[in-house]
Every structure is written in C-alpha cells, then in structure tokens.
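Peer 1: got a sequence here, can you build the structure:
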Amino acid sequence: MVSNANSSRTYATPMLLVVTEVYRQQLCLYENKKQSISDRIVSLNQPHIRPIVRG
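Peer 2: Numbering: from 1, shown residues only. Now for the predicted structure:
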C-alpha cells in the first residue's frame, strides 16, 4: 500500500505545478484584459506543448 501512495504523490506533484501555472496564466489574462499570453500551456497532460502560431 505504501508504494501506491508514493506513486500517486509522484504523479500529483508535477501536475499540481502545471495546474498552478495554468491558473497564474489565466489570472494574468483576466486581470490585464488580454487575449493571449506568450508560452501559454494548452494541455495539462503535456505541458511542453504550446499553441500553434498562426498568421
């Protein structure tokens, strides 16, 4: 049972960091009335993926 708790903690810690960063980015967009932000995270499961630049 102990190994299961450690494995979920190992998964949860990086995910918590990603969710915290997404929240910070969304709050920045809302407070500054912006439409975009550089290096925005678009996937919680793959935080290294960035949006496609168009135009």
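Peer 1: can you classify the residue positioned nearest the centre of the chain by secondary structure?
Peer 2: The C-alpha lying nearest the average C-alpha coordinate of the chain belongs to V18 (CA atoms, centre = their mean; 3.3 Å). Secondary structure state of V18, per DSSP: H, G, I helix; E, B strand; the rest coil, is helix.
Peer 1: list the contacts for it?
Peer 2: Neighbouring residues of V18 by CB atoms under 8 Å, 6 or more residues apart in numbering: 41, 44, 47. For the C-beta atoms, the positions are set from N, CA and C on the backbone; glycine is no exception.
Peer 1: point out where this structure drops to low pLDDT.
Peer 2: Scanning the chain for pLDDT under 70 picks out 1-5.
Peer 1: all helices for it, in order.
Peer 2: All helices of the chain, identified by DSSP state H, fall at 2-31.
Peer 1: if we can go back for a sec, among the contacts of V18, who's most crowded?
Peer 2: Neighbour counts for these (other CB atoms under 10 Å) peak at I41, which has 19 neighbours.
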